[in-house]
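Participant: Have a look; sequence and predicted model below, questions after that.
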Amino acid sequence: EAGVTQFPSHSVIEKGQTVTLRCDPISGHDNLYWYRRVMGKEIKFLLHFVKESKQDESGMPNNRFLAERTGGTYSTLKVQPAELEDSGVYFCASSRLAGGRGETQYFGPGTRLLVL
Amino acid sequence: AQKVTQAQTEISVVEKEDVTLDCVYETRDTTYYLFWYKQPPSGELVFLIRRNSFDEQNEISGRYSWNFQKSTSSFNFTITASQVVDSAVYFCALILDQTGANNLFFGTGTRLTVIP
């Protein structure tokens, strides 16, 4: 079974540009999560999809961030326009059951974003 | 609010030594789950263990063992006879056992270096 995959692995962009990150969850997983780790800090929750619906987006920092999960499969996270403080590692995770409690979340390798 | 503290930022040990990684958590909820993840140099977060707050039994898996003590709000992780392949960043995390509470709260991680 393939794990969570993320693309690209690295992205270097200039302030003001747009970047789109993609996440493919484990096949059959209804739940998809985005997290972010800014250098030296803890990994922080951004949002949670159940299938194609946003269940919780309380961690999204501002309206420059837009996440979608069309068709309930892969997800994209777009940052537009990017700012310096958006630099960090963006992790995607998935878990199996919608409505599950305390389910194990399986993580991808992350996308390292550097905004110059 | 939930909080996970990993006070040890970096630890170095010589191969074959035992090492314990500390994790202390804070929550007012009585039911929750605790996790440990390993982040090797390749970057992905690898799930190691999930523990329910009702189950305080220690767990052993090969060279890995976990000590969960609710009285001290700690969930410590011990590696016995460490190996170079154990070198990684280790994260402790907590999630509430509630419907709709699907975000993990992470500590800042402990970087373990095992010296051959």
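Facilitator: Yes, it's here.
Participant: any idea which helix or strand of the chain has the worst average confidence?
Facilitator: In the absence of a named chain, this looks at chain A. One helix or strand of chain A scores below all others by mean pLDDT, DSSP states H and E: strand A:53-56, with a mean of 92.
Participant: The chain in question should be chain B.
Facilitator: Least confident helix or strand, chain B: strand B:59-61 with a mean of 90, by mean pLDDT, DSSP H and E.
Participant: After that strand, which helix or strand is next?
Facilitator: Next in sequence after strand B:59-61, counting helices and strands by DSSP states H and E, comes strand B:64-69.
Participant: can you list contacts of the very next helix or strand once past that following strand?
Facilitator: The element immediately downstream of strand B:64-69 (helix or strand, assigned by DSSP H and E) is strand B:74-79. Strand B:74-79 has contacts (CB atoms under 8 Å, 6 or more residues apart in numbering or on different chains) with B:18-25, B:34, B:36, B:48, B:51, B:63-69, B:86, B:90, B:92, B:112. (Each C-beta comes from the backbone N, C-alpha and C, glycine too.)
Participant: thinking again about what came up before, and the least confident helix or strand of chain A with chain B, contact?
Facilitator: Yes - using CB under 8 Å from any CB of the partner chain, strand A:53-56 reaches chain B at A:Gln55, A:Asp56.
Participant: Partner strands of that strand, with direction?
Facilitator: Using DSSP bridges, strand A:53-56 pairs in its sheet with strand A:43-50 (antiparallel).
Participant: Need the residues that contact the strand it pairs with.
Facilitator: With CB under 8 Å, 6+ apart, strand A:43-50 has contacts from A:30-38, A:54-61, A:65, A:67, A:69, A:72, A:75, A:77, A:90-91, A:98-99, B:91, B:93, B:102-106, B:109.
Participant: So which of those residues are in strands?
Facilitator: A:31-37, A:54-56, A:65, A:67, A:75, A:77, A:90-91, B:91, B:93, B:105-106 (DSSP state E).
Participant: dump the residue contacts of A:Gly102.
Facilitator: Contact analysis of A:Gly102 by CB under 8 Å, 6+ apart lists B:Tyr32, B:Tyr33, B:Arg50, B:Asn52, B:Ile95, B:Leu96, B:Asp97.
Participant: what does chain A put close to chain B?
Facilitator: A:3-4, A:9, A:31, A:33, A:35, A:40-45, A:48, A:55-56, A:58-59, A:89, A:91, A:93, A:95, A:99, A:101-110, A:112.
Participant: Now the buried members of these.
Facilitator: A:4, A:31, A:33, A:35, A:42-45, A:48, A:55-56, A:59, A:89, A:91, A:93, A:95, A:102-110, A:112 (16 or more other CB atoms under 10 Å in any protein chain shown).
Participant: And the pLDDT at A:Val79?
Facilitator: Turning to A:Val79, the model gives it a pLDDT of 97.
Participant: correction: B:Glu56
Facilitator: Confidence at B:Glu56, expressed as pLDDT, is 85.
Participant: Please name the nearest non-neighbouring residue to it.
Facilitator: B:Phe68 (5.3 Å; CB to CB, 6 or more residues apart in numbering or on different chains).
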